[in-house]
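> turn this into a model:
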Amino acid sequence: MSRTTPLILATAVFMENMDSTVIATSLAAIAADIGTDPISLKLALTAYLVALAIFIPISSWMADRFGARRVFRIAMLVFMIGSVGCAFSGSLAEFVIARFVQGMGGAMMGPVARLVLVRMTPRHQLVDAMAWLTIPGLIGPIVGPPFGGFLTTYFSWHWIFIINIPIGVLGIVLVGFALPNEARNRPRKIDGKGFVLAGLAFALFAFGCSVVSLPALPPIYGVIAAALGIGLGYVYMRHALSTEYPLLDLRLLKVRNFRIAIVAGTFFRLGQGATPFLFPLMLQLAFGLSPFESGMVTFAGAVGALAAKFVANWIFAHWGFKYPLVISTAISSAGILVMGF
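The predicted model follows:
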């Protein structure tokens with residue numbers, strides 16, 4: 001298999017990963033321009049993640065139903081529409097809605113890109129193909145903070161979203177010309193009830209957790225929303241365990257290693273996932289750095305992630321998974337502690 005296919009698919013992964021790191025560097029400038037405070041903009045980040053949580057589970061079904069190439073191109077178009085919406089937002093509400101639209105596109109781009117690659121690549125070439133797909137995606141977080149900080153400091157934050165348009169257009173054109181129509185599986189019946197229950201549960205819980213500390217709304221609204229989300233999550237759990245093809249198959253949690261990875265990984269990501277949001281704000285609001293100076297600091301984490309990519313297989317081959325995961329988690333946690341001091 002030629003490396004053209006994973007590199008074309010990586011256009012979307014690069015665009016999505018760069019966008020997520022660029023916005024974190026520019027939050028303070030965006031907040032000042034649209035008349036809100038930086039902490040309130042966490043709603044925009046939450047809206048993006050909620051869209052991912054809602055639409056990622058149906059990405060495989062949509063690829064089987066409408067064709068992975070078609071869904072992939074539409075997803076890139078939706079992401080571009082959301083980017084334009086972000087660039088022209090004049091209020092917090094408009095920005096949150098635009099980020100949700102971006103998330104709808106992003107929810108399809110990553111999973112469908114991997115699905116196309118798996119279906120088109122011979123088994124013995126799959127590892128190499130996945131590497132060519134992933135590495136450009138890791139370059140996005142390296143380029144994003146300094147590039148986004150430069151645009152925000154010396155031009156305008158609007159450009160960090162407008163830059164997605166030429167990248168997206170290039171990706172759509174290349175996918176149309178270079179990727180063949182792949183064979184698709186016969187789509188199974190979609191779990192419509194599960195989609196509604198899971199989507200509402202994710203949305204209400206995430207929104208509630210964000211609103212609890214939001215200055216603009218009373219905390220009771222967040223408590224009620226989170227409680228409703230937990231209640232709907234329980235209803236979905238009962239539904240999923242009694243359905244043949246649930247949207248999210250909770251029976252996978254019976255697999256011990258999978259269950260441990262999900263539970264432990266959730267706690268780890270609470271800290272690791274908050275860092276890209278809080279660290280740039282600390283550098284800019286507390287230490288007085290410009291967005292460009294902030295980006296020149298925060299991109300170092302992505303450099304570390306890229307470097308680890310080249311030694312991960314060797315480490316796992318020599319020491320297995322358990323001890324490297326424990327040690328790397330401790331190192332990451334210590335890094336967050338050092339940044340706090």
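> what about the helices in the stretch 51-200 of the chain?
If DSSP state H, counting those that start in this stretch is used as the criterion, the helices of the stretch 51-200 of the chain fall at 59-66, 68-87, 92-120, 126-154, 159-162, 164-178, 192-211.
> tell me how far the helix or strand that residue 263 is a member of lies from the chain's centre.
Using DSSP states H and E, residue 263 maps to helix 256-272. Relative to its parent chain, helix 256-272 has a centroid offset of 17 Å by Cα atoms, centre = their mean, to the nearest Å.
> for whatever helix or strand comes next after that helix, packing partners?
Once helix 256-272 ends, the next helix or strand along the chain (criterion: DSSP H and E) is helix 275-281. When contacts are defined as 3 or more Cβ pairs under 8 Å, 6 or more residues apart in numbering; DSSP states H and E, helix 275-281 packs onto helix 4-34, helix 291-298, helix 322-340. For every residue, glycine as well, the C-beta is placed using N, CA and C.
> which residues touch the nearest residue to residue 130 once chain neighbours are set aside?
Leaving aside its chain neighbours, residue 130 sits nearest to residue 117 (6.9 Å; criterion: Cβ to Cβ, 6 or more residues apart in numbering). By Cβ atoms under 8 Å, 6 or more residues apart in numbering, the residues touching residue 117 are 5, 6, 9, 126, 129, 130, 133.
> try residue 9
Neighbouring residues of residue 9 by Cβ under 8 Å, 6+ apart: 72, 113, 116, 117, 133, 175.
> who wins on neighbours among the residues you listed?
Among these, residue 113 has the most neighbours (other Cβ atoms under 10 Å), with 28 neighbours.
> go ahead and confirm that residue touches residue 136.
No. Contact criterion Cβ atoms under 8 Å: residue 113 and residue 136 do not qualify, at 11.0 Å.
> ok, back up a step: show me what counts as buried in the helix holding residue 263.
With burial defined by 16 or more other Cβ atoms under 10 Å, the residues of helix 256-272 counted as buried are residue 272.
> average pLDDT across stretch 154-171?
Mean pLDDT, stretch 154-171: 88.
> equivalent analysis for stretch 310-319, please.
82.
> dihedrals phi and psi, residue 88?
Main-chain dihedrals, residue 88, degrees, to the nearest 10: phi -100, psi 10.
> contacts only, for it.
Counting by Cβ under 8 Å, 6+ apart, residue 88 has contacts 94, 158.
> wait, what's in contact with residue 86?
95, 98, 99, 102, 161.
> next, format the helices of the stretch 51-200 of the chain as TSV and append distance to residue 273.
Putting these into TSV (distance: least, Cβ to Cβ, whole Å) gives the following:
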stretch	distance to residue 273
helix 59-66	21
helix 68-87	21
helix 92-120	15
helix 126-154	13
helix 159-162	20
helix 164-178	22
helix 192-211	12
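> of all those, which one is nearest residue 337?
If you check each of the helices of the stretch 51-200 of the chain against residue 337 by Cβ to Cβ, helix 126-154 wins as the nearest, at 21.3 Å.
> if we can go back for a sec, quick check: the residue nearest to residue 130 vs residue 191, distance?
Counting by Cβ to Cβ, to the nearest Å, the gap from residue 117 to residue 191 is 25 Å.
> what's the answer for residue 204, then?
Counting by Cβ to Cβ, the separation of residue 204 from residue 191 is 19 Å.
> re the thing from before, where do the contact lists of residue 113 and residue 136 overlap?
In terms of Cβ under 8 Å, 6+ apart, residue 113 and residue 136 are both contacted by the residues 10, 13.
> so which helix or strand of this protein has the lowest pLDDT on average?
Across the helices and strands of the chain, the lowest-confidence element by mean pLDDT, DSSP states H and E is helix 126-154, at a mean of 78.
> mind checking how far it is from the chain centre?
Using Cα atoms, centre = their mean, the offset of helix 126-154 from its chain centre is 13 Å.
> okay, the angle between it and helix 92-120?
160 degrees (axes from the mean of the first three to the mean of the last three Cα atoms, to 10 degrees).
> list the buried residues in helix 126-154.
129, 132-153.
> between that helix and helix 4-34, how big is the angle?
Going by the same axes, to 10 degrees, helix 126-154 makes 30 degrees with helix 4-34.
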